[in-house]
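Asker: Take this sequence and fold it.
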Amino acid sequence: MKEISVLICFQTILLGQILPTIPGNVFRLSLGTNTADSRWEMTKNQFSLKGIGRRYFDNDTHNDSVSFSSNYDLYHNGSTYIDSVTTIQDWMTNFNVAHGFSLPIFEAQNIDTSKAMGSNGSFSEKRDRTINGRYLHLDYGMSNEITLSLSIPIIDSYVIEQSFSNVHASKIEGAQTLVDYHLSARQELKTFIESNNYSNLRRGLKDTLQNIYDLFYTNNGQFSTKWAFHSQDDPIENLLIDTGFLPPGINKDSVSLPDLISYYYPNRRLGNGFGDIKIGATVLLNGTPTWASDGSGDAIYGQLFVKIPYGKTLTQFLDIRRKQFSEARIGSGVTRWSVGFYGSKMINSKSLRRIYIQTQSEFSTTTTLNTPVEFFSGGHSHPDSILALVGNTYKYDKGTGFTLNVGTEFEQLKNRLRIQGDVLAVIKGKDKYLSKSKHWDNWMEEYAGNSPIYNKVDLKLEFWLLNSISENRIGPIPFDICTGFRKTLTAKNTYAGWSAFAGITTYYQGW
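Answerer: Residues are numbered from 1 along each chain as shown. Purely as a prediction, here's the structure:
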């Protein structure tokens, strides 16, 4: 004998399942659609432009003797080699001693090298997220005690509208000392080159002095510091003009903070496609299956699920460049395991049929993802410089989580109308990042917009119109209809909003 029944339902978690298991040799196919709208407002987010600060003093580049030796900052330009064996500082020192002059030797400057330089700032951010999608959920009863499940979300439209306000960036503490040194050094060299003392030198010495001047103080010099004379110790307020700071395609000679925000953070991020796929099993540990008619229906189940990272994440920036800025991540990118229990107790009451509780612990395996090239996290104004600091990819481990779902089921009209209501609480611990930049890792782990640690409580209400119970069935085809609404009660470091849902579930059994 074969029987086909139809059941309508859509919900965010356990799609199409009014009961946790089904009888052996039964398939349950659920199809549904939903729409969701949520908002997330963040204030007083902190950032530090340490990538730009490294152009003043690069505390991450040093030689074998742990002396800071970057050729591209303002701290110790004399460490640059003028030939295969002699540094500029050594050459200038010998020149002064031999000829009785006191020209600058570009020695290490007197600053606090225990501190990195950077322009610190803060910003407020608002995100509005709209999702329209469908779900397919398939269950199979391996036996009366074990049910396997497969859930596939299909995202038709995933839109994030983002905006920024109250953006402020400070001066770079300690940077003016370096700028002033080069202002003085440039003037001293320029005055000397224009003097009779310079003219009286032999040609080789004059050429070397001119080369040193050109190296640091001309627009095309390999280690040009002219950008600093414009930026001073406040590159954001005074505008960025050096090509090393200007993002490609921005088509401006000088770039402001609002320009950079518009460049890296377009108003909309878009995504669509399949979401992460979830598979798992629910096993009866004690009691009678809730669907059984020959027992109390009180039961305890064990559950094991794994979420497979099938949904789209960010494409590598080197492949699509600025298109990455408009991509919305609809997949987590990590394999997510969850294990827990589901308990159901039938209630002998006129309207209250049962209560249920579900708990799950979640954890992930470390994965490698493409680096999001972003201004506030990268700390630099040029995307290639951000990638140079962070790397094209990074390792990510999503924090351990815990969920608690408590609900009740009422029967308003016997075998015809049921109402389900539940409260779902979710808590997630701290994420871990590992890249070439410890500064980037720390920022990503603390930034509220990444949901590093979050908690959320939702209230859900469902209405079921039943037409699958034989004694009340209308027509030859059994079906149940469900519609519902879900609302966030409280949320921290994540979206808060609402969703509405509806759908259809069919059963097929053969024995």
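
Asker: which residues in the stretch 1-150 of the chain form strands?
Answerer: 2-7, 26-49, 119-141, 146-169 (DSSP state E, counting those that start in this stretch).

Asker: pLDDT on the first one, on average?
Answerer: Averaging the model's pLDDT scores along strand 2-7 yields 37.

Asker: again with the second one
Answerer: On average, the pLDDT along strand 26-49 is 94.

Asker: Next, work out how far apart the residue nearest the centre of the chain and Lys430 are.
Answerer: Of all residues in the chain, the one closest to the mean position by CA atoms, centre = their mean is Asn450, 4.6 Å from it. Counting by CB to CB, to the nearest Å, the gap from Asn450 to Lys430 is 10 Å. C-betas here are computed from N, CA, C, even on glycine.

Asker: Show me how this structure divides into domains.
Answerer: 2-48+116-169+262-510, 49-115+170-251 (automatic domain parsing).

Asker: Can you show me the helices along the protein?
Answerer: Assigned by DSSP state H, the chain shows helices spanning 50-53, 88-99, 175-193, 196-199, 203-217, 226-231, 257-264, 317-320, 375-378, 383-390, 438-446.

Asker: export those to CSV and tack on mean neighbour count and distance to Cys482?
Answerer: Shown next, in CSV, are those (neighbours: other CB atoms under 10 Å; distance: least, CB to CB, whole Å):
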stretch, mean neighbour count, distance to Cys482
helix 50-53, 24, 52
helix 88-99, 16, 77
helix 175-193, 17, 63
helix 196-199, 11, 89
helix 203-217, 15, 73
helix 226-231, 18, 62
helix 257-264, 18, 43
helix 317-320, 14, 41
helix 375-378, 24, 42
helix 383-390, 20, 46
helix 438-446, 17, 40
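
Asker: Tell me which of those sits nearest to Leu19.
Answerer: Closest to Leu19 of the helices of the chain is helix 438-446 (CB to CB; 40.2 Å).

Asker: quick one on the thing from earlier: can I get the helices of the chain in a markdown table with distance to Pro153?
Answerer: A markdown table is the format used below for these (distance: least, CB to CB, whole Å):
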| stretch | distance to Pro153 |
| --- | --- |
| helix 50-53 | 37 |
| helix 88-99 | 61 |
| helix 175-193 | 49 |
| helix 196-199 | 74 |
| helix 203-217 | 57 |
| helix 226-231 | 48 |
| helix 257-264 | 29 |
| helix 317-320 | 24 |
| helix 375-378 | 28 |
| helix 383-390 | 30 |
| helix 438-446 | 26 |
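
Asker: of the ones you listed, which approaches Phe27 most closely?
Answerer: Using CB to CB, those put helix 317-320 closest to Phe27, at 40.9 Å.

Asker: Run the chain-centre distance for that closest one.
Answerer: With CA atoms, centre = their mean, to the nearest Å as the basis, helix 317-320 stands 17 Å off its chain's centre.

Asker: Give the other helices and strands that that helix contacts.
Answerer: Helices and strands touching helix 317-320, by 3 or more CB pairs under 8 Å, 6 or more residues apart in numbering; DSSP states H and E, are helix 383-390.

Asker: returning to that earlier point: contacts only, for the residue nearest to the centre of the chain.
Answerer: Taking CB atoms under 8 Å, 6 or more residues apart in numbering as the criterion, Asn450 is in contact with Asp431, Met444.

Asker: when you give positions from now on, start the count at 55
Answerer: Shifting the count to begin at 55 puts that one at Asn504.

Asker: Next one, pLDDT for it please.
Answerer: 95.

Asker: quick one: it and Thr548, what's the gap?
Answerer: Using CB to CB, we find Asn504 at a distance of 10 Å from Thr548.

Asker: Which residues are in contact with each of the two?
Answerer: By CB under 8 Å, 6+ apart, no residue touches both Asn504 and Thr548.

Asker: give me the number of residues near the residue lying closest to Asp476 once chain neighbours are set aside?
Answerer: Nearest non-adjacent residue to Asp476, counting by CB to CB, 6 or more residues apart in numbering: Gly461, 2.7 Å away. Gly461 has 18 neighbouring residues, counting by other CB atoms under 10 Å.

Asker: same thing with the one 3 residues further on?
Answerer: Burial of Phe464 is recorded as 16 neighbouring residues (other CB under 10 Å).

Asker: wouldn't it be in contact with Arg472 here?
Answerer: Yes. The pair Phe464 / Arg472 is scored as a contact, 6.6 Å apart, by CB atoms under 8 Å.

Asker: Touching both of those two, which residues are there?
Answerer: Counting by CB under 8 Å, 6+ apart, the residues touching both Phe464 and Arg472 are Arg407.

Asker: is it true that Thr336 touches Ala353?
Answerer: No. If you go by CB under 8 Å, Thr336 and Ala353 don't touch, sitting 10.2 Å apart.

Asker: got the CA coordinates for stretch 471-489 in PDB?
Answerer: Taking C-alpha atoms only, stretch 471-489 is exported to PDB below (Å, rounded to 0.1, in the frame of the first residue of the first chain):
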ATOM      1  CA  LEU A 471      -5.900  23.900  13.700                       C
ATOM      2  CA  ARG A 472      -2.700  23.800  15.700                       C
ATOM      3  CA  ILE A 473      -0.500  26.700  16.900                       C
ATOM      4  CA  GLN A 474       3.200  26.400  17.700                       C
ATOM      5  CA  GLY A 475       5.100  29.000  19.600                       C
ATOM      6  CA  ASP A 476       8.700  28.900  20.700                       C
ATOM      7  CA  VAL A 477      11.700  31.000  21.900                       C
ATOM      8  CA  LEU A 478      15.100  30.400  20.400                       C
ATOM      9  CA  ALA A 479      18.200  31.700  22.100                       C
ATOM     10  CA  VAL A 480      21.600  31.600  20.400                       C
ATOM     11  CA  ILE A 481      25.100  32.400  21.900                       C
ATOM     12  CA  LYS A 482      28.400  32.300  20.000                       C
ATOM     13  CA  GLY A 483      31.900  32.600  21.400                       C
ATOM     14  CA  LYS A 484      34.900  34.400  19.900                       C
ATOM     15  CA  ASP A 485      36.100  33.800  16.400                       C
ATOM     16  CA  LYS A 486      39.700  33.200  15.500                       C
ATOM     17  CA  TYR A 487      41.700  34.800  12.600                       C
ATOM     18  CA  LEU A 488      45.200  34.000  11.400                       C
ATOM     19  CA  SER A 489      46.900  36.000   8.700                       C
END
